[in-house]
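[1] Predicted model, plus sequence, below.
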Amino acid sequence: MAARGDVASSAGRGWVTLKKGNLPVKTCVTCERPFTWRKKWARCWNDVRYCSERCRRNKPINQ
Ligand SMILES: [Zn+2]
């Protein structure tokens, strides 16, 4: 799926129903706190596991 350009062009993946105040939420595997979908994760939301760059570097030891 090499759809470069506008994010809107990558529609048709399923979770396109994004409304304000009703964004997808995940739990950070490092700090175990819920975090909300952000635009910078639009392309890789399925792979996002950490709420922030800091948590990404502080991966939990046991896994
Ligand atoms: Zn975190």
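    Cool, got the structure.

[2] Using the three-state scheme, assign residue 56.
    Following DSSP: H, G, I helix; E, B strand; the rest coil, we place residue 56 in the helix state.

[3] Residue 46 too?
    helix.

[4] what's the distance between it and the ion?
    Going from residue 46 to the ion by Cβ to the ion, to the nearest Å gives 17 Å. For every residue, glycine as well, the C-beta is placed using N, CA and C.

[5] Can you name the residues that contact that residue?
    Shown in contact with residue 46 (Cβ atoms under 8 Å, 6 or more residues apart in numbering): no residues.

[6] do the same with residue 48
    Applying Cβ under 8 Å, 6+ apart, the residues near residue 48 are 26, 41.

[7] Compute the distance between it and the ion, please.
    11 Å.

[8] pLDDT at that residue, what is it?
    Residue 48 carries a pLDDT value of 96.

[9] Residue 24 too?
    94.

[10] Neighbours of it, how many?
    By the criterion of other Cβ atoms under 10 Å, residue 24 has 13 neighbours.

[11] Same check on residue 26?
    Using other Cβ under 10 Å: residue 26 sits among 16 other residues.

[12] give me the low-pLDDT residue ranges for the protein?
    Applying pLDDT under 70 to the chain flags the ranges 1-20, 60-63.

[13] for the ion, what are the nearby residues on it?
    28, 30-31, 51, 55 (Cβ under 5 Å from the ion).

[14] One more pass at 6 Å, please.
    Within the chain, the positions near the ion by Cβ under 6 Å from the ion are 28, 30-31, 33, 50-52, 55.

[15] By neighbour count, which of these wins?
    Most crowded among these, counting by other Cβ under 10 Å, is residue 51 at 20 neighbours.
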